[in-house]
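# Model the structure of this input:
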Amino acid sequence: MTRAAKDITEGVVTFAVGLVLRLTTGDVEVPVVTLTKVGTVLMCVGSALILWGLIRTVRPARGKERL
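I've put the predicted structure just below:
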């Protein structure tokens, strides 16, 4: 599996976990942060990982494959 595919897979999983938190934890009380905000942050991080993986698949590799 290429690094780009790993980034996309990780992004999809992170986005899905964030979406589940966002949709299901609206009435859960946690002392420090709300779980809906954590879900929103995870969705943003997942989206960024998906975008980065797509950029890696489209952009031609120069020299050695970057990590």
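# going forward, measure contacts between C-alpha atoms and count neighbours the same way
Fine.
# quick one: pLDDT of the nearest residue in space to Val12 that is not next to it in sequence?
In space, and not counting its chain neighbours, Val12 is closest to Gly46: 6.1 Å by Cα to Cα, 6 or more residues apart in numbering. Note for Gly46: predicted pLDDT of 97.
# again with the one 10 residues further on
Here, the pLDDT recorded for Arg56 equals 91.
# got it, and the one 5 residues further on?
Ala61 carries a pLDDT score of 69 in this model.
# Repeat that for Arg66.
For Arg66, the predicted pLDDT is 57.
# what's the helix or strand for the residue most central in space within the chain?
Nearest residue to the geometric centre of the chain (Cα atoms, centre = their mean): Gly46, 1.3 Å. Assessed by DSSP states H and E, Gly46 sits inside helix 35-58.
# Settle this for me: the residue nearest to the centre of the chain is touching Val13, isn't it.
Yes. Between Gly46 and Val13 there is a contact under Cα atoms under 8 Å: 7.4 Å.
# I'd like to know how many residues surround Gly11.
By other Cα atoms under 10 Å, 24 other residues sit near Gly11.
# Give me the nearest residue to it, chain neighbours excluded.
Nearest non-adjacent residue to Gly11, counting by Cα to Cα, 6+ apart: Gly46, 4.0 Å away.
# how far away is that neighbour from Ala16?
To Ala16, Gly46 is 8 Å away according to Cα to Cα, to the nearest Å.
# got it, and Gly39?
Counting by Cα to Cα - Gly39 and Ala16 are separated by 9 Å.
# So for these two, which residue has more residues nearby?
Gly39 (23 against 16).
# can you pull the contacts of the residue lying closest to the more buried one once chain neighbours are set aside?
Using Cα to Cα, 6+ apart and skipping the chain neighbours, the partner closest in space to Gly39 is Gly18 (3.9 Å). Applying Cα atoms under 8 Å, 6 or more residues apart in numbering, we find Gly18 in contact with 38-43.
# Quick check: which element contains Gly18?
helix 3-24.
# mind checking how far that helix is from the chain centre?
Here helix 3-24 is found 4 Å from its chain centre; the criterion is Cα atoms, centre = their mean, to the nearest Å.
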